[in-house]
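Colleague: Here's my sequence, what's the structure:
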Amino acid sequence: MRTAITDALKDAMKSQDKVRTSTLRLVNAAIKDKDIANRGQNREAASDDEIAQILTKMVKQREESAKIYEDNARPELAAKEREEIAVIAGFMPQQMDEAGMEAAVAAVVAGLGAAGMKDMGRVMGALKERHAGQMDFGKANGVVKRQLTGA
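Modeller: Numbers count the residues shown, from 1 in each chain. Presented below is the predicted three-dimensional model:
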């Protein structure tokens, strides 16, 4: 994933695509920050899962910013944020659809033998471990609650 981002940055610089270049530079900077943080904890460079988490966080930040800009009548800034989201989302793993999420949650619940809300933390932890970057855990939270309570 790291090499794909670096190659895309080089291509964007060659084609003089300013939005793509600046966005990919921000992504690279975030990845390097994670590498530095990992070095401080005597760990390896950021893995693809960690990079996917970084990308997810960056998209979420831009979505929040775009909403704030729209609420404050700044559509040009909201459009810029959405352009950055499109660039970043191109490197993210394919997100699970609702049916895939239901199936993944059901498999984890069955695999762990989870029986009630007391197992919510274990189920969410296992989902994050197995499906990092592929699932919106905000939505998955609701699916897990539904399956654990039988509602």
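Colleague: From here on, just use CA atoms for contacts and neighbour counts.
Modeller: Noted.
Colleague: Just the C-alpha atoms of stretch 4-11, please, in CSV.
Modeller: Listed next in CSV are the C-alpha coordinates belonging to stretch 4-11 (Å, rounded to 0.1, in the frame of the first residue of the first chain):
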residue,chain,number,x,y,z
ALA,A,4,1.2,2.5,-4.4
ILE,A,5,0.8,5.8,-2.6
THR,A,6,4.4,6.8,-3.3
ASP,A,7,4.0,5.9,-7.0
ALA,A,8,0.7,7.8,-7.2
LEU,A,9,2.4,10.8,-5.7
LYS,A,10,5.2,10.7,-8.3
ASP,A,11,2.6,10.4,-11.1
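Colleague: List the buried residues for it?
Modeller: Along stretch 4-11, these residues count as buried under the neighbour rule (16 or more other CA atoms under 10 Å): 5, 8-9.
Colleague: Could you say which helix or strand holds residue 38?
Modeller: In the assignment (DSSP states H and E), residue 38 maps to helix 18-40.
Colleague: From residue 124, how far off is residue 144?
Modeller: When distances are taken as CA to CA, to the nearest Å, residue 144 and residue 124 turn out to be 8 Å apart.
Colleague: With neighbour numbers in mind, choose between those two.
Modeller: For residue 144 versus residue 124, neighbours defined as other CA atoms under 10 Å are more numerous around residue 144 (27 against 18).
Colleague: okay, now the domains of this protein?
Modeller: Structural domains assigned to the chain are 2-89, 98-149, following automatic domain parsing.
Colleague: Check the offset of the first one from the chain's centre.
Modeller: Meaning domain 2-89. 11 Å (CA atoms, centre = their mean, to the nearest Å).
Colleague: what about it, start to end distance?
Modeller: Domain 2-89 stretches 14 Å from its first residue to its last (CA to CA).
Colleague: Number the residues from 209 up from this point.
Modeller: In the new numbering, first residue 209, that becomes domain 210-297.
Colleague: so what's the most centrally placed residue in the chain scoring on pLDDT?
Modeller: Nearest to the geometric centre of the chain sits residue 264, at 2.0 Å (CA atoms, centre = their mean). According to the prediction, residue 264 has pLDDT 85.
Colleague: quick one: it from residue 238, how far?
Modeller: Residue 264 sits at a distance of 12 Å from residue 238 (criterion: CA to CA).
Colleague: go on, residue 268?
Modeller: Shown here: residue 268 relative to residue 238, a distance of 14 Å by CA to CA.
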